[in-house]
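J.: I'd like to go over a predicted model; first the sequence, then the structure.
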Amino acid sequence: MSSQSVQSAASLAASNDAAALRETPAQRYVQLLLLVIAAGAIYPILYLRQVYQPTMLEVFHITDSQLGYLYSSLGTIFLLSYLPSGWLADRIAPRLLICFSLIATGALGLWYSTAPSFHLLMVIFGGWGLSTGLTFWAAVIKRVTMIAGAHEQGRFFGFLDGGRGLVEALLATVAITLFAWATQTRGEPVAAGFRLVVYMYAFLCIALGVVLGMVKDPQGSKAAAEQAATRKRNNVLLDLKTLATIPELWLVAAIVFCGYQVFWATYSFSAYLHEGAIGLSVVMAGTITTLKLWMRPIGGIGGGFLGDRFSKISVLVIALFLAALSLLGLVAAPGIGSHVALVFLVLFIGILTYAIRGLYWSLLDRCNVPVETMGLAIGLISVLGYSPDVFLPLINGYLTQTYPGVFGYQLYFGYVAAVAALGGFAALALRNRLNRKEGA
């Protein structure tokens, strides 16, 4: 890295820090709180299947395979958006992008609540892919960077991830309460209960979009943005070539690839508990999977604490192998017959899942990635690591459609268990490589 680049980066960091510090702590934490709520509110409406999958199939009159196609199209758009989203966030004010994303996602949610045809659902999911992938995630990350001082980046991003999980759990609890009230207390059909849930998320997104649109940018951020735009940019192809020569980066991508599929498996817990494992009611299965969402702050913060106290890679290795064993336990759930044991297993998998998610990005600081290509490295790992968004819904839909009932889900969870074990071996390989390298 040239001295000119170092000076430019240092100057930009100082500008960002000065801009952040001109805001009072209260102002910056209020802005962070709004971003946490936005990040926690915008995604659940896309992934209502993890609690309401049987209801969605009934309301939209679609099959498991068609549901897989919807999420596969969503994942494809996400995959195509990872790299250009950062480019867009560098050229349009993050506040405007976040505002647009929330309002657009909420508006599409209102359309979604009308239970349109499958072809229109494809359009809605495609729109959601753009409003939450292309225009939202990179913008919210950049916005947090803008409002945090140099000494606050870690805690602000920690609050973003842990707080987002807490918001998702709170909203999911309110949603399942609304659903139970409509379907059990008032005796309305499940379609009416599901519509209430969608309304809650959609109107919340629209309201947050309006509120965030009125919040001013941090003082001095315009100057920082102009300085960032004028600094010399590296050749993207050369940067990608440099990153491709770092073996540790490929191992991190493999770990993300495997760990993310464990997370994806949790989306099918509700349907499995309702349709196969023990035949729980929709509300009971939804309640258990909602409780699982409350494990995110515990798993994420607890996993991070253990990683700092001992070893991030070692904790990740243990979590991945335990996740593989736990998923095999879920495969055997129909033979267990104990509701308490089943709830414990689901919650334990939730803790492991969020610990894995919270740890795998922390490995980057040991991979010797050049500072000037860190953003591109994150985008590259995201393209590879989150590619299961494209094919995993198709695998899920095929297995549950071809082998209806318990067996289809058992095959699916068995596959994910094998992938989790592969992730554990990739983490072991990374740990050994880093130990040899640092020992030398």
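T.: It's in.
J.: C-alpha from now on. contacts and neighbour counts both.
T.: OK.
J.: what about the stretch 151-300 of the chain, any weak spots by pLDDT?
T.: 151-158, 216-236, 276-279 (pLDDT under 70).
J.: let's go with 50 and repeat that
T.: Along the stretch 151-300 of the chain, segments meeting pLDDT under 50 span 154, 220-232.
J.: Average pLDDT for the helix or strand harbouring Val144, rounded please.
T.: Following DSSP states H and E, the helix or strand that holds Val144 is helix 138-147. For helix 138-147, the mean pLDDT works out to 75.
J.: gap between Leu345 and Ala244?
T.: Distance from Leu345 to Ala244, counting by CA to CA, to the nearest Å: 39 Å.
J.: neighbour count winner among these two?
T.: Neighbours per residue, other CA atoms under 10 Å: of Leu345 and Ala244, the larger number sits with Leu345, 18 against 14.
J.: was I right about that one contacting Leu330?
T.: Yes. At 7.2 Å, Leu345 counts as touching Leu330 under the criterion of CA atoms under 8 Å.
J.: and the helix or strand following the helix holding Val144 with helix 138-147, angle?
T.: For helix 138-147, the following helix or strand on the C-terminal side (DSSP H and E) is helix 153-180. Note on geometry: by axes from the mean of the first three to the mean of the last three CA atoms, to 10 degrees, helix 153-180 and helix 138-147 are set 130 degrees apart in direction.
J.: Show residues contacting the very next helix or strand once past helix 153-180.
T.: Where DSSP H and E defines the elements, the next helix or strand beyond helix 153-180 is helix 190-214. Applying CA atoms under 8 Å, 6 or more residues apart in numbering, the contact partners of helix 190-214 are 34, 38, 41-42, 44-45, 52, 55-56, 58-59, 95-96, 98-110, 112-114, 175-176, 178-183.
J.: repeat that for 6 Å
T.: Helix 190-214 has contacts (CA atoms under 6 Å, 6 or more residues apart in numbering) with Val59, Cys99, Leu102, Ile103, Gly106, Gly109, Ser113, Ala175, Phe179, Ala182, Thr183.
J.: For ChimeraX, write the select line for the buried members of those.
T.: Restricted to buried positions by 16 or more other CA atoms under 10 Å, the ChimeraX selection for these reads:
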select :59,99,102,103,106,109,113,175,179,182,183
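J.: export the contacts of helix 190-214 to CSV and tack on distance to Val211?
T.: Listed next are those as CSV, based on distance: CA to CA, whole Å:
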residue, distance to Val211
Val59, 32
Cys99, 8
Leu102, 10
Ile103, 10
Gly106, 14
Gly109, 18
Ser113, 23
Ala175, 22
Phe179, 27
Ala182, 29
Thr183, 32
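J.: quick check, nearest of the contacts of helix 190-214 to Pro25?
T.: Distance to Pro25 across the contacts of helix 190-214 (CA to CA) is lowest for Cys99, with 22.8 Å.
J.: got a pLDDT number for that closest one?
T.: Cys99 is given a pLDDT of 93.
J.: Span of stretch 328-341 from start to end?
T.: 14 Å.
J.: Regarding the protein, what is its longest helix?
T.: Across the chain, the longest stretch assigned as helix under DSSP state H is helix 406-439.
J.: Can you give the distance of the helix holding Val144 from its chain's centre?
T.: Its chain's C-alpha centre and that of helix 138-147 lie 16 Å apart, by CA atoms, centre = their mean, to the nearest Å.
J.: Quick check: buried residues in it?
T.: Ala138, Ala139, Val140, Ile141, Lys142, Arg143, Val144, Thr145, Met146, Ile147.
J.: The second one - nearest residue in space that isn't next to it in sequence?
T.: Leaving out its chain neighbours, the residue that sits closest to Ala139 by CA to CA, 6 or more residues apart in numbering is Pro94, at 4.7 Å.
J.: That neighbour and Ala138 touch, don't they?
T.: No. At 8.3 Å, Pro94 does not count as touching Ala138 under the criterion of CA atoms under 6 Å.
J.: Which one of the buried residues of helix 138-147 is nearest to Phe78?
T.: After measuring these against Phe78 - CA to CA - the closest member comes out as Ala138, at 11.8 Å.
J.: tell me what the helix or strand where Leu33 lies is packed against?
T.: In this assignment (DSSP H and E), Leu33 forms part of helix 25-42. When contacts are defined as 3 or more CA pairs under 6 Å, 6 or more residues apart in numbering; DSSP states H and E, helix 25-42 sits against helix 153-180.
J.: just to revisit the earlier point, okay, now the residue nearest to Ala139: neighbour count?
T.: 24.
J.: before we move on, what about Tyr43?
T.: Tyr43, neighbours per other CA under 10 Å, totals 18.
J.: Same check on the one 5 residues further on?
T.: The local packing count at Leu48 equals 17, with neighbours defined by other CA under 10 Å.
J.: Gly302 too?
T.: What Gly302 shows, counting by other CA under 10 Å, is a neighbour count of 18.
J.: Report pLDDT for it.
T.: Listed pLDDT for Gly302 reads 79.
J.: Could you export the buried residues of helix 138-147 as CSV, including distance to Ala202?
T.: CSV is the format used below for the buried residues of helix 138-147 (distance: CA to CA, whole Å):
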residue, distance to Ala202
Ala138, 21
Ala139, 20
Val140, 19
Ile141, 22
Lys142, 24
Arg143, 23
Val144, 24
Thr145, 27
Met146, 27
Ile147, 27
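J.: Of the residues you listed, just say which sits nearest to Ile381.
T.: Comparing the buried residues of helix 138-147 against Ile381 with CA to CA picks out Ala138 as the nearest, at 14.4 Å.
J.: any idea how far Gly75 is from that closest one?
T.: Here Ala138 is placed at a distance of 16 Å from Gly75 (CA to CA).
J.: returning to what we had before: show me what the mean pLDDT comes to for the helix holding Leu33.
T.: 86.
J.: Packing partners of the helix or strand harbouring Ile298?
T.: Secondary structure assignment for Ile298, by DSSP H and E: helix 295-309. Secondary-structure packing of helix 295-309 (3+ CA pairs under 6 Å, 6+ apart): helix 339-360.
J.: For Leu238, the count of nearby residues, please.
T.: By other CA under 10 Å, 10 other residues sit near Leu238.
J.: From here on, call the first residue 485.
T.: Yes, from this point I'll number from 485; that puts the last item at Leu722.
J.: contacting residues around it?
T.: With CA under 6 Å, 6+ apart, Leu722 has no contacts at all.
J.: got the buried residues for the host helix or strand of it?
T.: If you go by DSSP H and E, Leu722 is part of helix 720-728. Neighbour counts using 16+ other CA under 10 Å place Asp723, Leu727 of helix 720-728 among the buried residues.
J.: what does whichever helix or strand comes after it rub up against?
T.: Of the helices and strands lying after helix 720-728 in sequence (DSSP H and E), the nearest is helix 731-749. Applying CA under 6 Å, 6+ apart, the contact partners of helix 731-749 are Thr837, Cys851, Ile865, Gly869, Val903, Ala904, Gly907.
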